[in-house]
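Novice: Sequence first, then the predicted structure:
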Amino acid sequence: MSQSKISTDKLNLYYGAKHALKDITIKIRSNTVTALIGPSGCGKSTFLRSLNRMNELTDGVRMEGKVYLDGEDIYGPKMDVTRLRKRVGMVFQQPNPFPMSIYDNIAYGPKVHGVKNKEKLDEIVERSLKQAAIWEEVENQLSKTALGLSGGQKQRLCIARALAVEPEVLLMDEPTSALDPVSTLKVEELISRLKSQYTIVIVTHNMQQAARVSDDTAFFLMGEMVEFDTTARLFVHPADKRTQEYVTGKFG
Amino acid sequence: MRKLKDDVLLCLIYLAAFFAEFLLIGILVYVFVKGFPHISLHFLTTVTSVLEGTVGIAGNLVNTIYMVVLTLVIAVPVGIGSAVYLNEYARPGKMVRLIEFTTQTLSGIPSIIFGLFGMVFFGVTLGLGYSILTGAFTLSLMVLPLITRNTQEALKTVPESYRSGAIGMGAGKWYVIRTILLPSAMPGIMTGIVLAVGRILGESAALLFTAGSGYFLPRSLGGWFHKMVESGGTLTIQLYLSMEKAQYDIAFGIAAVLLCMVFCMNLLTGLLSNKLGDTTDGRG
């Protein structure tokens, strides 16, 4: 296995009294796509959100254990959360472009992190939109509102927006569940293309999608990580009976 | 039988609707017909003076503009600030509900009570006397709930996904508020401001004993600044005083001017929020 980009050590998370994540220990490899699968409410999204400290926004969340990014404790006192979220970007389930122009959407992140130079911003916008395979579609309407795009375009725009700050890791929370099949395929293709440069962690409900796009897969059930292996092995020779039942569609 | 009942009811409803419309249009037409003959350039640009024998409302016009601008300068930042605090910073709970309840109650208090408080507190205790500033402070208290509530309602409708999206990129809370939340809430804020201006233009009871009824124009450049701490009656105050003196032609003249101002105001903000809406809600 290549070097791990993100790893967790006995990560436990509680929503009030509810024990939402139980002793999660995982090593996510650099420049791979890791899929998190499992039935609704199994904790896979919660786990994803703990990787860039988005859980802190929810009231009543308590955490134990460690999360490391390149060996650095992201919950440690030296970690600057703004820097962390620049390095670990996020794409959400519902495409959420901001109510501003396409250009301003992409430039938003770089501006947060202090890029002011107009030429530099132009360059970032073009590069990001190209990376997210949406440049040809929006090239001539950069100053138009992003809210007028189709659902699939919006999601690719959001991916471009996340890429604009040059993250190292991209967290994707069911990025295609609100999209039509064609748009889904476009996003999947994009994911496979992006992994040469980024480490991607994707939560998905769709097992075919996990099988198609990911290198490794983790199966979550009721807050536990039941099994974590290469996708090829997990889907064909699961070690755990519960995994086998889930991937063969017996429940979930 | 049932058909007949329906028809009669329908007739009554139409009648009620026509009555309401007719009444409104009737009043507008009546005021304009009675008022317009008295409006002249002279009426608008001179000050009433016994010595010069002139009758004009220039002073009151200027006072009104001062009052609107000053009140908004005080109330808009405070109102938006408190709405942002209530919606984005305060933990939802009893305290927030209590504050919301209080602001709501505040907007139902008769304006003369604000006048009484304003006169005693700003006028006497703070020593501002009868002045436009005293009036503006008093009116600020009155319009604050309008601005706070409208801003808050608008902020509540901003999708949560905008917040998480921006915070997920590393943006700080204040940055998100400044770049996304407030621009999205702009139409709601504008509505609050329009209502506030309407209230300022129409207020008399709260101003009579706070801003007073001065109607002179400043005579020097410094006077324009000093005006803020001088007594100054708005158009509505002058309208009230003219009626008291049975100068109905002047009263109708002022009424027509006021109506025009309200009309222009609504038109302007309608245009403005359309323009702002273009970039914020994507309907453009």
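Specialist: Right, received. Where do you want to start? Numbers count the residues shown, from 1 in each chain, chains lettered A, B, ... in the order given.

Novice: count of neighbours near the residue in chain A positioned nearest to chain B?
Specialist: Residue nearest to chain B within chain A: A:Leu147 (3.0 Å; Cβ to the nearest Cβ). Every residue, glycine included, has its C-beta placed from N, CA and C. For A:Leu147, the count of nearby residues is 19 (other Cβ atoms under 10 Å in any protein chain shown).

Novice: same deal with the one 10 residues further on?
Specialist: Using other Cβ under 10 Å as the criterion, A:Leu157 is surrounded by 25 other residues.

Novice: repeat for A:Pro181
Specialist: By other Cβ under 10 Å, neighbour count at A:Pro181 equals 9.

Novice: Before we move on, what's the pLDDT of the residue of chain A closest to chain B?
Specialist: We have a pLDDT of 93 for A:Leu147.

Novice: Distance-wise, check it relative to A:Ala132.
Specialist: Distance from A:Leu147 to A:Ala132, counting by Cβ to Cβ, to the nearest Å: 17 Å.

Novice: do B:Glu88 as well
Specialist: From B:Glu88 over to A:Ala132 the distance is 30 Å, taken as Cβ to Cβ.

Novice: Between those two, which is the more surrounded one?
Specialist: Taking neighbours as other Cβ under 10 Å, B:Glu88 and A:Ala132 compare with A:Ala132 leading, 27 against 16.

Novice: In the stretch 1-150 of chain A, where is pLDDT below threshold?
Specialist: Within the stretch 1-150 of chain A, the stretches with pLDDT under 70 are A:1-2.

Novice: Show me which residues of chain A are close to chain B?
Specialist: Contacts of chain A with chain B, taken as Cβ under 8 Å from any Cβ of the partner chain, map to A:52, A:54, A:57, A:59, A:81-86, A:89-90, A:92, A:94, A:96, A:98-101, A:108-109, A:112-113, A:145-148, A:158, A:161-162, A:165.

Novice: Quick one, which of those are buried?
Specialist: Among the residues of chain A next to chain B, those buried by neighbour count (16 or more other Cβ atoms under 10 Å in any protein chain shown) are A:52, A:54, A:81, A:84-86, A:89-90, A:92, A:94, A:96, A:98-101, A:108-109, A:112-113, A:145-147, A:158, A:161-162, A:165.

Novice: now the strands: where do they sit in the chain?
Specialist: Looking at chain A here, since you left the chain open. With strands called from DSSP state E, chain A shows them at A:4-15, A:18-29, A:33-37, A:61-69, A:72-73, A:88-91, A:169-173, A:199-203, A:216-221, A:224-230.

Novice: not quite, I wanted chain B
Specialist: B:47-49, B:54-57.

Novice: Show me how far the longest one is from its chain's centre.
Specialist: Its chain's C-alpha centre and that of strand B:54-57 lie 25 Å apart, by Cα atoms, centre = their mean, to the nearest Å.

Novice: Give me the contacts around it.
Specialist: B:42-48, B:215, B:235, B:238, B:250, B:253-254, B:257 (Cβ atoms under 8 Å, 6 or more residues apart in numbering or on different chains).

Novice: Just the buried subset of those residues, written out for ChimeraX, thanks.
Specialist: To isolate the buried members of the contacts of strand B:54-57 in ChimeraX, using 16+ other Cβ under 10 Å:
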select /B:43,46,47,48,215,235,238,250,253,254,257
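
Novice: The contacts of strand B:54-57 in helices, which ones?
Specialist: Mapping these onto helices (DSSP state H) picks out B:His42, B:Phe43, B:Leu44, B:Thr45, B:Leu235, B:Gln238, B:Ile250, B:Gly253, B:Ile254, B:Val257.
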